[in-house]
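Enquirer: Sequence first, predicted model second:
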Amino acid sequence: MKTMKLGFIGSGFIANFLASAMKQVRHCELAAIYDRGGAKELASYAKENKLGVPKLYRSVSDMCNECDVLAILTPNFTRIDIMEQISKAVKEGASLKGVICEKPLGRTIAESKKMVDLAHDVNLRTSYFENQLHMNVVNNALQQLLPQRKAMGNITLARSTEEHAGPHSSWFWDPTQQGGGVLSDMGCHSIAICRHILTPPGKSPTFLEPVAMQCETALLKWGQPKYREMLNKKYGVDYSLTPAEDFSTGVVTFRNPETGQLVKGQFTDSWMYDKQGLRLSMDGLGPGYAMEVNTLISPLEIFIGDEAAEGAADAETALEKSTASRGLLAVQPNEAHLYGYVNETQDAIDCFFEGKDAFLDWEYGLETTRLVQAAYMAAECQKTIDLTDETIKKDLENYSSLISQGRGAEVLYS
Ligand SMILES: NC(=O)c1ccc[n+]([C@@H]2O[C@H](COP(=O)([O-])OP(=O)(O)OC[C@H]3O[C@@H](n4cnc5c(N)ncnc54)[C@H](O)[C@@H]3O)[C@@H](O)[C@H]2O)c1
C-alpha cells in the first residue's frame, strides 16, 4: 500500500506531539514542514524516528504541490490566511487530497464558516482534529456499556474537565489572538466530549440538538497582581488591561430529536490547576450504570527524592504540562495514544485514502465553534440562552465575545 505524504504547517507543541503519535500510525510519512520556529528540530526528529525525510518549505503553495495532505498546526489567528493560500494553490492545480485543522476551527463562527467555505470551494476532504473523541479510554467504556445503554436507556449526564496550570506560548494568553481564554482553548474539547458521551449508539456526532447553554467565565488566579506580573514578564501580556478567563464552567443541554429526551453536559476548564500536570476527566451517568475517566491515574508512578531531583529537570517527559520534577510523579507511558492523537491521525489518513471526510469534518468543527461561542454569550448575559431561538441563533453568527475583543476587564473584573 502507498503512503500518504503529510505536510505540517506549524512545528510547535502540537506538531511535535503529532509527530510522536505518527510512530504508531500506518501508511503515512512526514514529507514536508513549513520552515519556521522549530521546523529543523522537528525534521531531525522525523528522520531519527523513520517518519520520513521531510523537506522544509517557505511557501504553503509549494507544500500543496509536494503533499497529499496538509495539517494546519499553527496559532488560531493564522488559520484563514493559511487556508486561503491552500485554496488558491488547489485552484491553480495542486492535487492535494485533504486538509487537517487543529481545534478550534476558528475564533468565531464567522471564521469557522470561512474555513468550511474555503475547503468546499476547492472540493477538499477535511479532518477536524478533536482528539478527545478518539480516546480509547472513552470509546472502550462506551462500547463496554453498549448492552446497558440499549437496555436501560442512554447516558443522560456527561461531565468533562480539562485542566492544567496554563499554556506554553504567548499567543494563547492573548485573547485577541487566541479567541478568548481557557473556554476557547479547552472548552471546545470538553463540550465536544460531553456531546459524544451523550450521543446514543450508532448516531452521528451531531445527532443531538443543542437547546440551551449556561456558562460562567472567571479569572481566579492569573488576574491577581503577583500572577499578572509573572504573565507580563514571561509572555508579554498585560492582564490588568486585556485579561482572558482562566476558569470556565457551564451546562449544555441537548435534545434527542427522535424521543424528545433532554440530556446534559457539564463542562469545566481551567488554567489554574496547580496539580501534577494536565488532567482530563470524563464521567458518563446513565440509569443504573456509569463510566469514569481520569488521565492522572496511571499504572506507572515514579518517585524522585530531593537529592535526585536534578536528574529529572525536564518534568514534561513524564506528563503534558507537568508542574513538578520531584516527589511521587504520575507518568503516562503513551500520552500520544491516551489523548487520541494516534487514532485521529490514523482516521484522517484512512478516510482520505478512501476519498472521504474524516470522522470529524470541518462542519463538525463549525458546530463546536457555535457551542463555544454560545457559552461565551451565556456568560456575558449571565443567563441561560435558548439555542433554538431564531434571534439568538442569528446574533451568534456575527458574535465575538468581549474577552476576544480585548475587553475582558469589563466581564472579568466587574
Ligand atoms: N488538540 C490538542 O490537544 C492541542 C494541544 C495544543 C495545541 N493545539 C492547537 O494547535 C495549534 C497550535 O498550537 P501549538 O501549541 O502547537 O502552538 P505553538 O505556539 O507551540 O506552535 C505554533 C507553531 O506555528 C508556527 N507559526 C506561527 N505562525 C505561523 C504562520 N503564520 N505560518 C506558519 N507557521 C506559523 C510557529 O513558528 C510554531 O512552529 C493551535 O490551534 C492550538 O489550539 C491543540
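Expert: Done, it's in. Numbers count the residues shown, from 1 in each chain.
Enquirer: only C-alpha atoms for contact and neighbour calcs from this point on.
Expert: OK.
Enquirer: what's the spacing between the residue nearest the centre of the chain and the ligand?
Expert: For the chain, the residue nearest the mean C-alpha position is Lys103 (4.2 Å; C-alpha atoms, centre = their mean). Distance from Lys103 to the ligand, counting by C-alpha to the nearest ligand atom, to the nearest Å: 5 Å.
Enquirer: and what of Asp62?
Expert: 13 Å.
Enquirer: helices or strands up against whichever helix or strand that residue is part of?
Expert: Using DSSP states H and E, Asp62 sits within helix 60-66. Here helix 60-66 touches strand 4-9, strand 28-34, helix 79-91, going by 3 or more C-alpha pairs under 8 Å, 6 or more residues apart in numbering; DSSP states H and E.
Enquirer: residue contacts, the nearest residue to Ala43 once chain neighbours are set aside?
Expert: With C-alpha to C-alpha, 6 or more residues apart in numbering as the criterion, Ala43 has its nearest non-adjacent residue at 5.8 Å, and that residue is Pro54. Residues in contact with Pro54 (C-alpha atoms under 8 Å, 6 or more residues apart in numbering) are Leu30, Ala31, Ala32, Ile33, Ala43, Ala46, Lys47.
Enquirer: which of these tops the neighbour count?
Expert: Among those, Ile33 has the most neighbours (other C-alpha atoms under 10 Å), with 28 neighbours.
Enquirer: how much space between the most far-flung residue of the chain relative to its centre and the ligand?
Expert: Residue farthest from the centre of the chain, counting by C-alpha atoms, centre = their mean, is Glu307 at 38.0 Å. Separation of Glu307 from the ligand (C-alpha to the nearest ligand atom) stands at 32 Å.
Enquirer: right, and the helix or strand after the longest helix seen in the chain?
Expert: Ordering each helix of the chain by length in residues (DSSP state H) puts helix 362-381 first. Next along the chain after helix 362-381, taking DSSP H and E as the criterion, comes strand 385-386.
Enquirer: Go through the following helix or strand past that following strand and flag the buried ones.
Expert: Under the assignment DSSP H and E, the closest C-terminal helix or strand after strand 385-386 is helix 390-397. The neighbour-count check on helix 390-397 (16 or more other C-alpha atoms under 10 Å) flags Leu396, Glu397 as buried.
Enquirer: try stretch 105-122
Expert: Under 16+ other C-alpha under 10 Å, the buried positions of stretch 105-122 are 105-116, 118-119.
Enquirer: same thing with stretch 130-143?
Expert: For stretch 130-143, by 16+ other C-alpha under 10 Å, it's Glu130, Asn131, Gln132, Leu133, His134, Met135, Asn136, Val137, Val138, Ala141, Leu142.
Enquirer: got the contact list for the longest helix of the chain?
Expert: 103-109, 112-113, 115-116, 126-128, 183-184, 187-188, 191-192, 205-206, 213-217, 250, 384-385, 387, 396, 399-402, 411.
Enquirer: In strands only, show me those residues.
Expert: The strands, defined by DSSP state E, take in Thr126, Ser127, Tyr128, Met213, Gln214, Cys215, Glu216, Thr217, Gly250, Ile385 from the contacts of helix 362-381.
Enquirer: what would the helices and strands packed on helix 60-66 look like in TSV with distance to the ligand and mean pLDDT?
Expert: Output for those, formatted as TSV (distance: least, C-alpha to the nearest ligand atom, whole Å; pLDDT from 0 to 100):
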stretch	distance to the ligand	mean pLDDT
strand 4-9	6	98
strand 28-34	6	98
helix 79-91	7	98
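Enquirer: possible to save the ones you listed as a markdown table with distance to Val331?
Expert: Below are the helices and strands packed on helix 60-66 laid out as a markdown table (distance: least, C-alpha to C-alpha, whole Å):
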| stretch | distance to Val331 |
| --- | --- |
| strand 4-9 | 28 |
| strand 28-34 | 28 |
| helix 79-91 | 33 |
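Enquirer: mind checking which of those is nearest Lys321?
Expert: strand 4-9 (22.7 Å; C-alpha to C-alpha).
Enquirer: quick one: what helix or strand has Ser248 in it?
Expert: strand 247-255.
Enquirer: Also compute the angle for that strand relative to helix 362-381, please.
Expert: Relative orientation of strand 247-255 and helix 362-381, computed by axes from the mean of the first three to the mean of the last three C-alpha atoms, to 10 degrees: 120 degrees.
Enquirer: other SSEs contacting strand 247-255?
Expert: strand 209-218, strand 262-270.
Enquirer: Report the mean per-residue pLDDT for stretch 294-304.
Expert: Over the span of stretch 294-304, the pLDDT mean works out to 90.
Enquirer: can you name the two of the buried residues of stretch 130-143 that are farthest apart?
Expert: Glu130 and Ala141 (18.4 Å).
Enquirer: chain center to the longest helix of the chain: distance?
Expert: How far helix 362-381 lies from its chain's middle: 14 Å, per C-alpha atoms, centre = their mean, to the nearest Å.
Enquirer: do stretch 42-55 as well
Expert: With C-alpha atoms, centre = their mean, you get 25 Å for stretch 42-55.
Enquirer: any residue of that stretch up close to the ligand?
Expert: No - counting by C-alpha under 6 Å from any ligand atom, no contacts exist between stretch 42-55 and the ligand, the nearest distance being 9.4 Å.
Enquirer: Mind listing what's buried along that stretch?
Expert: For stretch 42-55, using 16+ other C-alpha under 10 Å, the buried residues are Leu42, Ala43, Tyr45, Ala46, Leu51, Gly52, Val53, Pro54, Lys55.
Enquirer: So which of those belong to helices?
Expert: Leu42, Ala43, Tyr45, Ala46.
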